[in-house]
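Student: Prediction below, plus the sequence it came from.
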Amino acid sequence: ARRDTVEDAARADDPLVARIITQGLPERDLPACAQCHAPGKRPHYPVLTGQKAEYLAGRLRRWRAEEGDVDARKSRLTMPMIARRIPESMIDPLATHFAQPRDP
């Protein structure tokens, strides 16, 4: 079931989505997505534009899965820590935004 609907596209245009992508959320210690995942930024990091929304949202949610657990064994890797800082309500809009084709 595809989620590329008009409703998803409208939510992907939320100003908070653009802020997370370009500036991050300093108050949540969340860096900007574009800091690492924009073309030409970091050669070993994936470019997110053009990825499937379902894939991106699923990956973020898997990384967040440990949220709420107080456990010293919780992953300290970069993306699980960052994913736990993204507001849950922003995961689908972010994923939908990145899935939309962009002009080069």
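Tutor: Received it, and whenever you're ready, just let me know what you need.

Student: buried set for stretch 43-60?
Tutor: Leu48, Thr49, Ala53, Glu54, Leu56, Ala57, Arg59, Leu60 (16 or more other CB atoms under 10 Å). Quick note: C-beta positions are derived from backbone N, CA and C, even for glycine.

Student: Run through the bridge partners of Leu30.
Tutor: Leu25 (DSSP bridges).

Student: Run through this protein and note the low-pLDDT ranges.
Tutor: 1-10, 66-76, 102-104 (pLDDT under 70).

Student: mind listing what the closest residue to Gln100 other than its chain neighbours touches?
Tutor: In space, and not counting its chain neighbours, Gln100 is closest to Ala12: 6.5 Å by CB to CB, 6 or more residues apart in numbering. Listed by CB atoms under 8 Å, 6 or more residues apart in numbering, the contact partners of Ala12 are Pro93, Leu94, Thr96, His97, Gln100.

Student: could you flag which of the residues you listed are buried?
Tutor: For the contacts of Ala12, a burial check counting by 16+ other CB under 10 Å picks out Pro93, Leu94, Thr96, His97.

Student: Could you list which of the contacts of Ala12 belong to helices?
Tutor: Members of the contacts of Ala12 lying in helices (criterion: DSSP state H): Pro93, Leu94, Thr96, His97.

Student: got the contact list for the second one?
Tutor: Contacts for Leu94 were tallied using CB under 8 Å, 6+ apart; they are Ala12, Val17, Ile20, Ile21, Cys33, Leu56, Ala57, Leu60, Ile86.
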